[in-house]
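Peer 1: I'll drop the sequence and a predicted model, then ask my questions.
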Amino acid sequence: MCQQCGAQQPRWLGKCPDCGAWDSFVEQIDPRGTGSRTDRRTDSATQPVSLRQIATESTARLPVASSELAQVLGGGIVPGSVVLVGGDPGIGKSTLLTQVSAYFAEQVGLTLYVSAEESTQQIKLRAERLGFNSEHLYVYSETCLNLILQHVTNLRPSLVIIDSIQTVYLEEVTSAAGSVSQVRESALRLLRVARDLQIAIFLVGHVTKEGAIAGPRVLEHIVDTVLYLEGDRFHQYRLLRGVKNRYGSTNEIGVFEMTHNGMREVPNPSQIFLAERSAGSPGSTVAVTMEGTRPLLIEVQALTSHAGNAPPRRVSNGFDLNRLLLLIAVLSKRVGIPLFNQDIYVNIVGGLRISEPAADLAVALAIVSSYRNQAVDPDLVLIGEIGLSGELRSVSQLDRRLIEATRLGFCRALIPQALSGSTIDGLDTDILRSLAAAVDTVLHTNGLQEQG
Ligand code: TYD
Ligand code: MG
């Protein structure tokens, strides 16, 4: 079985024909007979029912420690659901979930924190550091899933944390802990317990180098909600991003700050991403992107320098490199800026990654601003997607973006389309149709200090 994607082959192969991973096949005895399919109850009342007859159970959500987390979860914890929290080692998954469970224990009731990685003393130390000492929080250090499930059934907690899914194992499955079949069978078993006892379960999952939750993509299909905790270990900010949610919208993000006493939520992230802004220096612009339903203002920095005789380098940090190459081509061909001999570096400040094309205009103008060594008006935000013929294309939710920009004190905006509502107080908007016009508006050509 391929340890990356779960594909099965009757013999060993060097390369997985399904996912292309090398040296990922491991021999495994088929755990048939202990699998989830065979011991399913056949007597129960599972029958097709008319949609109309289904009682809408109260969709009560249980409270979580922070409103940022609640937003990512779609309002709160749903009883009977399984949530996977993935992230690199050391990013703060255990810290966040300790806070969640301690808060839950104080507010709702019995909570069980199962750690297969740390001893109960270590968990106690962390909880003390975070300032929790709840009597309803039970801690259990165990790796055998059958024992864990036995205690879950006896204790009947309202919330269970399994830290981590890769370190627990089922005796019936012969392969090693963390392998595809172990992780999948364990997750299925936990899912069934969650549904049967109406317990919410949080699973911690480690992430592989490629960015997938270790080994199996299969895990993402089993659970109800998948959250990734992202961030740079060297920065204090962490983003909790929803990538799948059966109970709410995906692509919501929550922003947290790692402090010496735990994760603290950041209710106003735009302010933080702009805090150290190099306003007024060439190569810095401000973009407004949407992360789920939340507008985020971020600083885009660009630096161009003459490449000499070497082939020019294009380096991007936090912005798609192919998108950057496209913008450079449009700037050269449609705006007539000769970037062919320039090294170009683009950086999104704060360790953020932008995937939205609405930031195109800010990136393109940061490049021109650095190339011409002319600063962009620090009170200006730039919004717009750039097409191949150099046209500015409209973006979604323009009004919300602009309202957020005004809230943070920006008073000018370059936008690709008219507002749907009336004007926004205190904001000057320029509607522009092309990148060339935007360059002319923002950077007046009289300052001709072009370098290179
Ligand atoms: P941890 O939650 O153990 O990470 P994970 O479970 O994702 O591997 O957090 C690890 C880091 O967080 C560790 O380097 C110490 C740091 N940390 C703080 O900065 N403040 C705190 O209050 C805690 C508990 C940890
Ligand atoms: Mg941990």
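Peer 2: Received, thanks. Numbers count the residues shown, from 1 in each chain. Ligands and ions are numbered 1, 2, ... in the order given.
Peer 1: buried stuff in the helix or strand bottoming out on mean pLDDT in the chain?
Peer 2: Least confident element among the helices and strands of the chain, by mean pLDDT, DSSP states H and E: helix 269-273 (a mean of 79). Neighbour counts over helix 269-273 (16 or more other C-beta atoms under 10 Å) mark 269, 270, 273 as buried. Heads up, the C-betas are built off the backbone N, CA and C, glycines and all.
Peer 1: please name the nearest non-neighbouring residue to the residue in the stretch 101-250 of the chain that ligand 1 sits nearest to.
Peer 2: At 4.8 Å from ligand 1, residue 126 is the closest residue in the stretch 101-250 of the chain, using C-beta to the nearest ligand atom. Excluding the flanking residues, the one nearest residue 126 by C-beta to C-beta, 6 or more residues apart in numbering is residue 98, at 5.5 Å.
Peer 1: which SS class is the residue of the stretch 101-250 of the chain closest to ligand 1?
Peer 2: Per DSSP: H, G, I helix; E, B strand; the rest coil, the local secondary structure of residue 126 is helix.
Peer 1: wait, doesn't it sit right on residue 96?
Peer 2: No. Contact criterion C-beta atoms under 8 Å: residue 126 and residue 96 do not qualify, at 11.2 Å.
Peer 1: look at those two and report which has more neighbours.
Peer 2: More crowded of residue 126 and residue 96, by other C-beta atoms under 10 Å: residue 96, with 26 against 18.
Peer 1: what's the closest non-adjacent residue to the more buried one?
Peer 2: Residue 96 sits nearest to residue 263 (C-beta to C-beta, 6+ apart), 5.1 Å away.
Peer 1: who does the strand or helix carrying that neighbour touch, helix- and strand-wise?
Peer 2: For residue 263, the element it lies in under DSSP states H and E is strand 262-265. In terms of contacts (3 or more C-beta pairs under 8 Å, 6 or more residues apart in numbering; DSSP states H and E), strand 262-265 is packed against helix 67-73, helix 93-107, strand 253-259.
Peer 1: name the residues of it that are buried.
Peer 2: Judged by neighbour count (16+ other C-beta under 10 Å), strand 262-265 contains these buried residues: 262, 263, 265.
Peer 1: re the thing from before, and which of the buried residues of helix 269-273 is nearest ligand 1?
Peer 2: Nearest to ligand 1 among the buried residues of helix 269-273: residue 269, at 18.9 Å, using C-beta to the nearest ligand atom.
Peer 1: contact partners for that closest one?
Peer 2: Each residue near residue 269 by C-beta atoms under 8 Å, 6 or more residues apart in numbering is listed here: 237, 255, 296.
Peer 1: per the record, what domains does this protein have?
Peer 2: Residue ranges for the domains of the chain, per automatic domain parsing: 1-27, 64-267, 272-442.
Peer 1: and those domains as a markdown table, adding distance to residue 55?
Peer 2: Listed next are those as a markdown table, based on distance: least, C-beta to C-beta, whole Å:
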| stretch | distance to residue 55 |
| --- | --- |
| domain 1-27 | 36 |
| domain 64-267 | 15 |
| domain 272-442 | 30 |
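Peer 1: can you tell which of these is closest to residue 50?
Peer 2: domain 64-267 (21.7 Å; C-beta to C-beta).
Peer 1: the closest one spans what distance, first to last residue?
Peer 2: Chord length of domain 64-267, first to last residue, is 15 Å (C-alpha to C-alpha, to the nearest Å).
Peer 1: export the helices and strands packed on strand 262-265 to a markdown table and tack on distance to ligand 1 and mean pLDDT?
Peer 2: Shown next, in a markdown table, are those (distance: least, C-beta to the nearest ligand atom, whole Å; pLDDT from 0 to 100):
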| stretch | distance to ligand 1 | mean pLDDT |
| --- | --- | --- |
| helix 67-73 | 14 | 87 |
| helix 93-107 | 3 | 92 |
| strand 253-259 | 5 | 87 |
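Peer 1: on that earlier part again, and for the strand holding residue 263, what are the contacting residues?
Peer 2: Strand 262-265 is touched from outside by 66-69, 92, 95-96, 98-99, 129-131, 238, 254-257, with contacts defined as C-beta under 8 Å, 6+ apart.
Peer 1: could you tell me which of the residues you listed count as buried?
Peer 2: Among the contacts of strand 262-265, those classed as buried by 16+ other C-beta under 10 Å are 66, 68-69, 92, 95-96, 98-99, 130, 238, 254-257.
Peer 1: how about the residues of this structure by ligand 1?
Peer 2: Applying C-beta under 6 Å from any ligand atom, we find that the chain lies next to ligand 1 at 87, 89-95, 126, 129-130, 258, 260-262.
Peer 1: for the residue of the stretch 151-300 of the chain found nearest ligand 1, list each beta-bridge partner.
Peer 2: Here the stretch 151-300 of the chain gets closest to ligand 1 at one residue, residue 262, 4.3 Å apart by C-beta to the nearest ligand atom. Under the criterion DSSP bridges, residue 262 forms beta bridges with residue 259.
Peer 1: I'd like the distance between it and residue 256.
Peer 2: 9 Å (C-beta to C-beta, to the nearest Å).
Peer 1: equivalent analysis for residue 126, please.
Peer 2: 16 Å.
Peer 1: same deal with residue 378?
Peer 2: Taking C-beta to C-beta, one finds residue 378 at 28 Å from residue 256.
Peer 1: could you do residue 227 as well?
Peer 2: In terms of C-beta to C-beta, residue 227 sits 12 Å off from residue 256.
Peer 1: helices of the protein, start to end?
Peer 2: 67-73, 93-107, 120-129, 145-155, 180-197, 218-222, 269-273, 321-334, 360-372, 398-407, 435-442 (DSSP state H).
Peer 1: so which of those gets nearest residue 286?
Peer 2: With distances scored as C-beta to C-beta, the stretch of the helices of the chain nearest to residue 286 is helix 360-372 (6.5 Å).
Peer 1: now that closest one - C-alpha only, CSV.
Peer 2: C-alpha atoms of helix 360-372 as CSV (Å, rounded to 0.1, in the frame of the first residue of the first chain):
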residue,chain,number,x,y,z
ASP,A,360,-2.5,41.7,-8.9
LEU,A,361,-2.7,45.4,-9.2
ALA,A,362,-0.9,45.9,-5.9
VAL,A,363,1.9,43.5,-6.9
ALA,A,364,2.3,45.1,-10.4
LEU,A,365,2.5,48.6,-9.0
ALA,A,366,4.9,47.7,-6.3
ILE,A,367,7.2,46.4,-9.0
VAL,A,368,6.8,49.6,-11.1
SER,A,369,7.3,51.7,-7.9
SER,A,370,10.5,50.0,-7.1
TYR,A,371,11.7,50.1,-10.7
ARG,A,372,11.1,53.8,-11.0
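Peer 1: return the set of buried residues in it.
Peer 2: 360-372.
Peer 1: list the helices and strands that helix packs on?
Peer 2: strand 284-291, strand 294-306, helix 321-334, strand 342-348, strand 380-382, strand 385-386, helix 435-442.
Peer 1: need those in JSON lines (columns: mean pLDDT and mean neighbour count).
Peer 2: Formatted as JSON lines, the helices and strands packed on helix 360-372 follow (pLDDT from 0 to 100; neighbours: other C-beta atoms under 10 Å):
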{"stretch": "strand 284-291", "mean pLDDT": "91", "mean neighbour count": "24"}
{"stretch": "strand 294-306", "mean pLDDT": "92", "mean neighbour count": "21"}
{"stretch": "helix 321-334", "mean pLDDT": "96", "mean neighbour count": "17"}
{"stretch": "strand 342-348", "mean pLDDT": "95", "mean neighbour count": "21"}
{"stretch": "strand 380-382", "mean pLDDT": "95", "mean neighbour count": "24"}
{"stretch": "strand 385-386", "mean pLDDT": "96", "mean neighbour count": "22"}
{"stretch": "helix 435-442", "mean pLDDT": "93", "mean neighbour count": "20"}
